[in-house]
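> sequence isn't available, so here's the structure alone:
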């Protein structure tokens, strides 16, 4: 039996293809997350007030949950304008998908930057940044522990128990408004 030999570039392509296939299979199915909703409750709108450090979930115009003690980036005042400014965006966005494979305990992706954010940054020759999430605490911490103060790079952090509940109540495509 003759062994097949592959070049280093071919081996890299095989390894990358295998890694991508495994990653694709391990991504959470959006419907599975939405099916976890409590007793028919499902948020259809999320409101965050940065100054109050509070988040409300709405269903049909009524508050179904509220959370306080939110944590933001190291520079929490003002709208996110550029990559690295460590600010949390303000405005209307959409929660596009949930990521259970994040570096934090569960995360919900906010589709920042929008067209206005990109145009503002582009006009100044800068990147608007991105990868903004609502997420729990860093993986590896005790489940009930919290990093003190504002520590994200512009995301919204909450306790692991809170993000677990939010995860089950907020389906993909839910609008979110983040106010100053």
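Yes, it's here. Note that the coordinates shown come from a computational prediction; the quantities given were computed from them, not determined experimentally.
> all contacts plus neighbour counts: C-alpha atoms, from now on.
Will do.
> the lengthiest strand in the chain pairs with which strands?
Longest strand of the chain, by residue count under DSSP state E: strand 91-99. Strand 91-99 pairs in its sheet with strand 107-110 (antiparallel), strand 174-179 (antiparallel), by DSSP bridges.
> enumerate the positions of that strand that are buried.
92, 93, 94, 95, 96, 97, 98, 99 (16 or more other C-alpha atoms under 10 Å).
> ok, back up a step: out of the strands paired with strand 91-99, nearest to residue 78?
Set against residue 78 and scored by C-alpha to C-alpha, those come closest in strand 174-179, at 9.8 Å.
> avg pLDDT for that closest one?
Strand 174-179 comes out with an average pLDDT of 98.
> could you do stretch 108-128 as well?
So the average pLDDT for stretch 108-128 ends up being 96.
> hmm, who's touching that stretch?
Stretch 108-128 is contacted by residues 80-83, 89, 93-99, 129-135, 167 when judged by C-alpha atoms under 8 Å, 6 or more residues apart in numbering.
> kindly recompute the last result at 7 Å.
The contact list for stretch 108-128, computed with C-alpha atoms under 7 Å, 6 or more residues apart in numbering, reads 81-83, 93-99, 130, 132-135.
> what's the span of it from first residue to last?
Chord length of stretch 108-128, first to last residue, is 19 Å (C-alpha to C-alpha, to the nearest Å).
> buried residues in that stretch, which are they?
By 16+ other C-alpha under 10 Å, the buried positions in stretch 108-128 come out as 108, 109, 110, 111, 112, 113, 117, 118, 121, 127, 128.
> now stretch 68-78
Residues 70, 71, 72, 73, 74, 75, 76, 77 are the ones in stretch 68-78 that count as buried (16+ other C-alpha under 10 Å).
> okay, these in CSV with secondary structure, pLDDT and distance to residue 155 next?
Shown next, in CSV, are the buried residues of stretch 68-78 (DSSP: H, G, I helix; E, B strand; the rest coil; pLDDT from 0 to 100; distance: C-alpha to C-alpha, whole Å):
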residue, secondary structure, pLDDT, distance to residue 155
70, coil, 98, 10
71, strand, 97, 8
72, coil, 96, 6
73, strand, 91, 6
74, coil, 89, 10
75, coil, 87, 11
76, coil, 85, 10
77, coil, 90, 13
